[in-house]
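**Student:** coordinates only, no sequence provided:
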């Protein structure tokens, strides 16, 4: 009876498997975090403790999944890079999506209770996360992907810093602040901050301006065999062990310039 | 600068959109719950409180997503049926997978803290869930799908009941119990339970034998226009409101026989 | 050596398999037939001999593939309906696309040489065809699909008839004819044809106004077992034999009204 | 009326678009060519005229599609490499499959009538072709792909040469020849040919042993801008023009060794 006559319904299941020898980026982002941040009174434009929860959750996830070689986060969003040789869940899309969205949710909720002991989460507004996987074939695309996210962080943070300064220090209504910023360039916003409020945007904390980078430092991976053959199962296991033991560092630095990447060629190997 | 020169990397994103007018089943199941149940000392073969957490999490999810018209759960697994006209997230696969896996995780963790106040979750073993979406074109396939899950529940529960009775009351080692049950049919297991331990399997709790059914009762959906045209936006909103207000009932009954379905034709409309 | 060390590259192959118990429509259409029809001097707006080639090619294809239960064509386009139980190529998309595009090409070229013995095909302008497969879950969608194509045929034919009448009988330039027809409704075009040229559009040949329908008549398929079980392999073979022997009729009739379908329920079984 | 109420059925269409900056290989192969070669009395084990038709058809296809930078064929099969920057049909799978399967069919039928004027094709056995597209992210994979096909050619040709020599010169039945070759290695087959029939396999024609390579020689593509930006539309058009004008050479040489590739780096650019 192990195989009931109903089991044929399984034949309707489909699986998307990402091709080997490509980079996979898994991006998670908070669902409805606009309302979430309002419900739990986040400091504006940036809540350092909330960022701490997000960074702790991302670090826990990176520690749990050795194939994550690099991650970048800003606000309620994080992008995780899986190394080219990653064979996690045989690269099945639904497993990757559900593992990342579920695990980041579990860690976020857990770290929240530690960082915000006085703000218990309410069942009406629990933190949840979307996830999607994108495949990239080349190292250049990966650099451009992470540059895209960091530029986005910069754009958003400069806007939000200007907006909330106008509202909280300039006593404008949100509507008025929005109007004032409409069509302004970066230079304009810098000038508003400096001339009207004496704020030098360059002196803002790096974590706000640059976002957060988690990188698995120097895992000293095995050299790929010169004859072009693949690693043996045993070599793969040794490699995973090295990855697992390697240290994960947190930075708030520029990843658009080549410097960051040129000293970390192993990211692409 | 809103569109940085790196933004082109978005063109690598892909989206699978499930076709309209088909039924979607989202199945979630606990990741590594064998170890999870050992870590938190679940009663064997069934832990009524753990089932309660699972049923509460599934109910919270069904209340949050009105398109869920039916759900069936057993052990650490739950299947949710989205109605044929469901337009949730435009039927995008990655959004459906991540929403279900993330949200069931958030609710499970929350309800756990209420049901098990004396067993705080440890960061080394948090509950997480996989999710997958399967598309079915006909009502018959949906009935067969849920029948498949209920037959599976029955097979597993009879086996587990026999196994743990042999271990706990019969003082066999797990190895010996496994050996003894190898190749036995349902009738054999029933006889072992009855002859050796005086247990009539039929008297076991229905929640163990049949699993749990959540059904949105009598949402009194709108009649589809006779001319075959689609519902207007306003009619769709009224329908969603009716779904949201309709009551969700919990049962532990047979869903393989036609009775369950013939009185609930609206499930397929 | 049968398995060389290079064979691993096969693991990059992917296959989309259409779900069972759904209807598949394969639509083929001529590539660059605007230039093709100019190269070989097609009569405007409709070339009866060219339509004959297309209909012969479609019939040859339908005779070769018994799972085709219905087809509809107009101009250089044809849509083939594969019955719900079709298991052709295990419903693999790439096999279906390439079989239909390749086979219609082969038959078109062959029938061309018979119908147009005095117009040999030139290598610079050979007839080729695109193909795509679309999955539909319900019978209503299939009726609407074919209605869509027949409405399209009507719209195009009324426009083309008006356009070429204005050019050939009214001595307008193509540019002038286009201008004159811009924004006109069906009634306006009917009036132009009748008032200015004495042409009653209703008297135009049915093959132009309605397109061509190929239907496998009365294949007297096997009844599906009442217990809901699937057909045995032997029953499937008997069914294929019946399909292969059933007659394919050509019509130029209305398929939008329910009459066509209500007398041919077997199309959907 | 241009948009009839039935047009919504288009929303069921799906499209797979291959990611940019990857190599695409389109492989076509004859459908049922075992029977086809019997019907038209192909010389065994290799029919030089039939190979000529195949090579002419492949060349016509390569001339028609400038993005084809390399192709390899053997027997009734041909693999076409589309360059990394190829934007043909926006890299849509169904368009690529149907274009290749349809066009190779049209050219094969056309060239057949020239090469075999005394063997007109019969409608009961027309030549048709399957096609599939496979995506590869790296140059190494492309080299391995084409090596795989050439190794396959070698294995098949050595087997077929031995088999037909045993049948035609050794007067064995096909069954006996098959038995005799079962389990033999390449060296064994070479020895049978040499010792029993005085045939030195090395002296067999290169076209049989190595297959056929079509390569677009020295298209002198534009250098990619150093700043990493993409080509302008005008630069793309100039590139396509260069590709179209570059000469396509036919070889029967080794493409497994690095020599072939190291002198043709432009293949991967």
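**Tutor:** Yep, it's here. Note that the coordinates shown come from a computational prediction; the quantities given were computed from them, not determined experimentally.

**Student:** quick one: the helices in the stretch 51-200 of chain A?
**Tutor:** A:93-115, A:139-168, A:174-181, A:186-191, A:197 (DSSP state H, counting those that start in this stretch).

**Student:** buried sites along the fourth one?
**Tutor:** In other words, helix A:186-191. Neighbour counts over helix A:186-191 (16 or more other CB atoms under 10 Å in any protein chain shown) mark A:189-190 as buried. (Glycine included, C-beta is placed from N, CA and C.)

**Student:** how about it, does it reach chain B?
**Tutor:** Yes. Judged by CB under 8 Å from any CB of the partner chain, helix A:186-191 and chain B are in contact via residue A:186.

**Student:** beyond that helix, next helix or strand please.
**Tutor:** Per DSSP states H and E, the first helix or strand lying C-terminal to helix A:186-191 is helix A:197.

**Student:** thinking again about what came up before, now mean pLDDT and distance to chain D too, for the helices of the stretch 51-200 of chain A, in TSV please.
**Tutor:** Listed next are the helices of the stretch 51-200 of chain A as TSV, based on pLDDT from 0 to 100; distance: least, CB to the nearest CB, whole Å:
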stretch	mean pLDDT	distance to chain D
helix A:93-115	98	14
helix A:139-168	97	7
helix A:174-181	97	30
helix A:186-191	96	21
helix A:197	97	37
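
**Student:** now these as CSV including distance to residue C:25?
**Tutor:** Shown next, in CSV, are the helices of the stretch 51-200 of chain A (distance: least, CB to CB, whole Å):
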stretch, distance to residue C:25
helix A:93-115, 27
helix A:139-168, 37
helix A:174-181, 49
helix A:186-191, 52
helix A:197, 64
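
**Student:** so which of those helices is the most surrounded?
**Tutor:** Neighbour counts (mean count of other CB atoms under 10 Å in any protein chain shown) averaged over each of these peak at helix A:93-115, with a mean of 24.

**Student:** tell me how far it is from the chain's mean position?
**Tutor:** Distance of helix A:93-115 from its chain centroid, counting by CA atoms, centre = their mean, to the nearest Å, is 12 Å.

**Student:** what does stretch A:199-210 give?
**Tutor:** Between the centre of stretch A:199-210 and the centre of its chain there are 20 Å (CA atoms, centre = their mean).

**Student:** end-to-end on it?
**Tutor:** Start-to-end span of stretch A:199-210 (CA to CA, to the nearest Å) is 18 Å.

**Student:** show me what counts as buried in that stretch.
**Tutor:** Under the neighbour-count criterion of 16+ other CB under 10 Å, stretch A:199-210 has A:199, A:201, A:204, A:207-210 buried.

**Student:** cool, stretch A:82-94 as well?
**Tutor:** Neighbour-count burial for stretch A:82-94, counted by 16+ other CB under 10 Å, picks out A:82-84, A:86, A:88, A:91-94.

**Student:** which ones among those residues lie within strands?
**Tutor:** Residues of the buried residues of stretch A:82-94 located in strands (DSSP state E): residue A:82.

**Student:** before we move on, back to that, name the nearest of the buried residues of stretch A:199-210 relative to chain C.
**Tutor:** Chain C lies nearest to residue A:210 out of the buried residues of stretch A:199-210, by CB to the nearest CB, at 37.4 Å.

**Student:** quick one, what contacts that closest one?
**Tutor:** Contacts for residue A:210 (CB atoms under 8 Å, 6 or more residues apart in numbering or on different chains) come out as A:150, A:153-154, A:252-254.

**Student:** what does residue A:64 give?
**Tutor:** So residue A:64 contacts residue A:103 (CB under 8 Å, 6+ apart).

**Student:** one step back: return the member of the contacts of residue A:210 nearest to residue B:191.
**Tutor:** Proximity of those to residue B:191 (CB to CB) peaks at residue A:153, which lies at 66.8 Å.

**Student:** correct me if wrong: the closest one contacts residue A:79.
**Tutor:** No. Using CB atoms under 8 Å as the test, residue A:153 is too far from residue A:79 to be in contact (11.0 Å).

**Student:** out of the buried residues of stretch A:82-94, who's near chain B?
**Tutor:** Okay, of the buried residues of stretch A:82-94 touching chain B (CB under 8 Å from any CB), that's A:93-94.

**Student:** any chance of the buried residues of stretch A:82-94 in JSON lines, plus distance to residue B:258?
**Tutor:** Below are the buried residues of stretch A:82-94 laid out as JSON lines (distance: CB to CB, whole Å):
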{"residue": "A:82", "distance to residue B:258": "47"}
{"residue": "A:83", "distance to residue B:258": "52"}
{"residue": "A:84", "distance to residue B:258": "53"}
{"residue": "A:86", "distance to residue B:258": "47"}
{"residue": "A:88", "distance to residue B:258": "43"}
{"residue": "A:91", "distance to residue B:258": "42"}
{"residue": "A:92", "distance to residue B:258": "36"}
{"residue": "A:93", "distance to residue B:258": "36"}
{"residue": "A:94", "distance to residue B:258": "32"}
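
**Student:** wait, which of the buried residues of stretch A:82-94 is closest to residue B:126?
**Tutor:** Of those, the one sitting nearest to residue B:126 (CB to CB) turns out to be residue A:88, at 18.5 Å.

**Student:** nearest spatial neighbour of that closest one, chain-adjacent residues omitted?
**Tutor:** Spatial nearest neighbour of residue A:88, chain neighbours left out: residue A:67 (5.1 Å); criterion: CB to CB, 6 or more residues apart in numbering or on different chains.

**Student:** kindly report the same for residue A:116.
**Tutor:** Leaving aside its chain neighbours, residue A:116 sits nearest to residue A:49 (6.7 Å; criterion: CB to CB, 6+ apart).

**Student:** can you report how many residues lie near that neighbour?
**Tutor:** 13 (other CB atoms under 10 Å in any protein chain shown).

**Student:** need phi/psi at residue A:248.
**Tutor:** phi -100, psi 120 (degrees, to the nearest 10).

**Student:** may I have the beta-bridge partners of it?
**Tutor:** Residue A:248 forms beta bridges with residue A:216, as assigned by DSSP bridges.

**Student:** how many neighbours does it have?
**Tutor:** Residues lying near residue A:248 (other CB under 10 Å) number 16.

**Student:** center of chain A - which residue?
**Tutor:** Nearest residue to the geometric centre of chain A (CA atoms, centre = their mean): residue A:78, 1.4 Å.

**Student:** bridging residues for it?
**Tutor:** Beta bridges link residue A:78 to residue A:28, residue A:73, judged by DSSP bridges.

**Student:** can you pull the contacts of it?
**Tutor:** A:27-29, A:54, A:58, A:71-72, A:104.

**Student:** quick check: PyMOL command selecting the buried ones in those residues.
**Tutor:** To isolate the buried members of those in PyMOL, using 16+ other CB under 10 Å:
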select buried, chain A and resi 27+28+29+54+58+71+72+104
